[in-house]
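Q: Sequence and predicted structure, then a few things I'm wondering about:
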Amino acid sequence: MSHTVPLPARRRLLAGCIVLVIALGAGAAGCGGDGDPLAAAPYDAAGQISFDGPTGAGKKADPDKPLEVVAEDSDGRITDVTVHDAAGRYVAGELSADGTRWHSTSPLAADARYTVRVSTENGDGAPGRKVLTFETGKPVAKKRLDVVFAPKPGTYGVGQPVTAELSEPVRDPAQRAVVERALKVRSTPAMEGSWHWVDDKELHYRPREYWPAGATVEARSTLEGIKIGDRMWGGRAEPLKFTTGDRVIAVTDAAAHTMTVYRNGEEIRQIPVTTGKPGFDTRNGVKVVLGKERFVRMRSSTVGIAEGSADSYDLPVHFATRVTWSGEYVHAAPWSVGSQGSANVSHGCVGMSTENAEWFFGTVREGDLVEVVNSQGETMAPFGNGFGDWNLDWEKWRAGSALTGGKPGGPHPQDAARLRPTAV
């Protein structure tokens, strides 16, 4: 049930807001063009923008305050309001059931010029329109939230996520929603996707399924000048664009001691391998190629194995393809060729002959997928040790979005993991 708010109470309600008052006089002219009611002349009986103080030339609105459009005449009502700035960013809002009030529900940008289009209807049902413009001032906040997208421009595998690193932590769910709403990802062909908050300063974006081969992925931010929270405003971000190559997936069956490599759905090679022995079992799950190193010195001390013990090692390793920050690779292991295809004897890596490792090294690129099945090891963690993003099902992935799930991500020990220990 709607009711009319007494004028003094209404003025109190609107205190501290940017108020655009449209008077809907019943006697206002309603001339249209070519018989189109939507082209009716706007009601000009009274229309003004009232900021937090007197208006006039050079005056600018405080972007820290919401925008409201109010119908002051009980004989008329607002039917629609659209607000956007010169950059094309629209301001979301809600219209009351009785059409007397519209208010913004998303923040305004600082130092921006806005256009407000109001559609109205008087007591006789005649439509009208009003178009006004106003500018917002500069922010006075001490903190600026910058965004850095990754990866760098280039061509990647179909498992490569988009990451957004924030310069300041964002913990409040409502503030996270403001940030996430401004981070735009578009792919060609179009794919359903979502952001997931890894922690207070990092988000990952992935589609529901792997990117298609030959796709173009673009990320950009519209956060600049947007108020995020108390004394925090959005800063600049360089846009990102990358492409995907062939769909390359390498599936390692730890029980069968084989790796099968597929390109665009077709098997291109089957390789005898060895994986982690008991106590050093290779992680199950989907991993994303992080990088490739032609030579790595692998030492057991970097993974907590005491020097001089039965399991210690210090080995030169060639054609090493990294899949975790904690030191899991696919690499050449000529010392274990006798066990490859028949037994698991490594300390967690996937080992193969030098010839096969060189072929694998030349076949895969960053962003390609390496999946391990039938290992006795734990499942690859979704975050903190590389890109385990694909080990979360779609429902759990969306639960990490401030817009679709609202559940913050878990702990993020990635900084510690990036000490880059190695295992063979």
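A: That came through, no problem. Residues are numbered from 1 along each chain as shown.
Q: Give me the pLDDT for residue 234.
A: Note for residue 234: predicted pLDDT of 94.
Q: May I have the phi/psi pair for it?
A: Backbone geometry at residue 234, expressed as degrees, to the nearest 10, gives phi -70, psi 140.
Q: and stretch 99-119, how far out from the chain's middle?
A: Computed by C-alpha atoms, centre = their mean, to the nearest Å, the separation of stretch 99-119 from the middle of its chain amounts to 25 Å.
Q: That should have said stretch 371-381, apologies.
A: Distance, centroid of stretch 371-381 to centroid of chain: 27 Å (C-alpha atoms, centre = their mean).
Q: residue nearest the centroid of this protein?
A: The geometric centre of the chain, computed from its C-alpha atoms, lies nearest to residue 195 (C-alpha atoms, centre = their mean), at 3.6 Å.
Q: how much space between that one and residue 163?
A: Using C-beta to C-beta, to the nearest Å, we find residue 195 at a distance of 10 Å from residue 163. Quick note: C-beta positions are derived from backbone N, CA and C, even for glycine.
Q: Overlap of the contact sets of these two?
A: Common neighbours of residue 195 and residue 163, counting by C-beta atoms under 8 Å, 6 or more residues apart in numbering, are 203, 204, 205.
Q: Let me know the closest of the residues you listed to residue 127.
A: Using C-beta to C-beta, residue 205 is the member of the shared contacts of residue 195 and residue 163 that lies nearest residue 127, at 41.7 Å.
Q: ok, for the closest one, nearest residue in space, not its chain neighbours?
A: The shortest distance from residue 205 to any non-neighbouring residue, by C-beta to C-beta, 6 or more residues apart in numbering, is to residue 162 (4.1 Å).
Q: That neighbour against residue 241, yeah?
A: No - Residue 162 is beyond contact range of residue 241, at 10.6 Å (criterion: C-beta atoms under 8 Å).
Q: Which one's more surrounded, those two?
A: residue 162 (23 against 13; other C-beta atoms under 10 Å).
Q: next one: stretch 238-258 to chain centre, how far?
A: So, by C-alpha atoms, centre = their mean, the centroid of stretch 238-258 is 21 Å from its chain's centroid.
Q: i'd like the first residue to be 46 from this point on
A: That works, and once the first residue is 46, the last one we named lands at stretch 283-303.
Q: That stretch: end-to-end distance?
A: End-to-end distance for stretch 283-303: 42 Å, by C-alpha to C-alpha, to the nearest Å.
Q: ditto for stretch 285-298
A: 36 Å.
Q: in it, what counts as buried?
A: Residues of stretch 285-298 classed as buried: 285, 287, 289, 290, 291, 292, 293, 294, 295, 296, 297, 298 (neighbour count, 16 or more other C-beta atoms under 10 Å).
Q: cool, and stretch 188-195?
A: Residues 189, 190, 191, 192, 194 are the ones in stretch 188-195 that count as buried (16+ other C-beta under 10 Å).
Q: And for stretch 159-170?
A: 159, 161, 163, 164, 165, 166, 167.
Q: Mutual contacts of residue 207 and residue 286, please.
A: Residues touching both residue 207 and residue 286 by C-beta under 8 Å, 6+ apart: 262, 264.
Q: Give me the mean pLDDT for stretch 437-448.
A: 97.
Q: Just the CA atoms of that stretch, as PDB, please.
A: Presented in PDB, the C-alpha positions along stretch 437-448 are these (Å, rounded to 0.1, in the frame of the first residue of the first chain):
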ATOM      1  CA  LEU A 437      36.100 -26.100  -8.500                       C
ATOM      2  CA  ASP A 438      32.800 -27.000 -10.100                       C
ATOM      3  CA  TRP A 439      30.700 -24.200 -11.600                       C
ATOM      4  CA  GLU A 440      28.400 -23.800  -8.600                       C
ATOM      5  CA  LYS A 441      31.300 -23.500  -6.100                       C
ATOM      6  CA  TRP A 442      33.100 -21.200  -8.500                       C
ATOM      7  CA  ARG A 443      30.200 -18.800  -8.700                       C
ATOM      8  CA  ALA A 444      29.800 -18.900  -4.900                       C
ATOM      9  CA  GLY A 445      33.100 -17.000  -4.800                       C
ATOM     10  CA  SER A 446      31.600 -14.000  -6.700                       C
ATOM     11  CA  ALA A 447      30.300 -11.000  -4.800                       C
ATOM     12  CA  LEU A 448      27.600 -10.700  -7.400                       C
END
